[in-house]
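Novice: got a predicted model here, sequence first, then my questions.
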Amino acid sequence: MNSTAPPMQTRPKIQSLTRLLAYLLANPSKIGVYYRYGLTGAKGFEGWSWITEDAFNYLKEFLQPGMMVFQYGSGYSTLFLSRQQIQLYTVENSARRLADVQEKLMESTRRLLKLDLYLKTYSTDSMTSFRDSGFATSIQEAKVKFDVILVGNEEVEQEHTRIACFQQAEEAIKPGGLIILNDFWRYEALRETHKAQELLVFEGVGYGRKRLTSTAVFRY
């Protein structure tokens, strides 16, 4: 995919391991969490998935009944959100993953005021084709503003699909709303270009993550 966006950052394995060990030594209370949900990938943690534990707790405290929430990408976070009294819009590019989420939603207790799940496939031949895809622009097609936007779509290695979704999200967020972007260490260049009033970065362990990661919370 050709793009003028800044390159995603990568971390050598040794550097990643060093950062993880330093974090666990400084935060011994997280060792059990890392073992249970990072190393083993145990399920059942309220839908905590691709965001760090501290970012997940921040989101839980922020959510209020009646809020409008949009997701780029579905998964266990969708199951957590389904138990909130909110209006949820989710777009997914994988038919298999969407079917799996729909099946789990049928088995779970839902409190949603509204649920819209959309399958929108896209091409990664070029950044232009992705930016113009129904997946990326679906948030504008909703024709509403959102209180929370979660950018967690599947990323293509060395490409910038999440950055394109983030740029779309900034045009659809309410004042005071949150945009949440995981693996923020890949997108540090956004520190210089975002339009948020405040940026919070939560570094830590995550569900199914064997290495340290970071989640950015942009408050507008």
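Specialist: Noted; the coordinates are in hand.
Novice: longest strand in the chain, by residue count?
Specialist: Counting residues, the longest strand in the chain under DSSP state E turns out to be strand 173-182.
Novice: show me what it is packed against.
Specialist: Applying 3 or more Cβ pairs under 8 Å, 6 or more residues apart in numbering; DSSP states H and E, one finds that strand 173-182 contacts helix 53-62, strand 146-151, helix 161-170, strand 213-219. No exception for glycine: its C-beta is placed from N, CA and C like everyone else's.
Novice: got the CA coordinates for the third one in CSV?
Specialist: Looking back up the chat, that one is helix 161-170. The C-alpha trace of helix 161-170 is given here as CSV (Å, rounded to 0.1, in the frame of the first residue of the first chain):
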residue,chain,number,x,y,z
THR,A,161,-5.2,1.7,8.0
ARG,A,162,-5.7,2.7,11.6
ILE,A,163,-4.3,6.2,10.9
ALA,A,164,-6.8,6.6,8.1
CYS,A,165,-9.6,5.5,10.4
PHE,A,166,-8.4,7.8,13.1
GLN,A,167,-8.5,10.8,10.7
GLN,A,168,-12.1,9.9,9.8
ALA,A,169,-12.9,9.6,13.5
GLU,A,170,-11.7,13.1,14.3
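Novice: picking up where we left off before, mind listing what's buried in the longest strand of the chain?
Specialist: 173, 177, 178, 179, 180, 181, 182 (16 or more other Cβ atoms under 10 Å).
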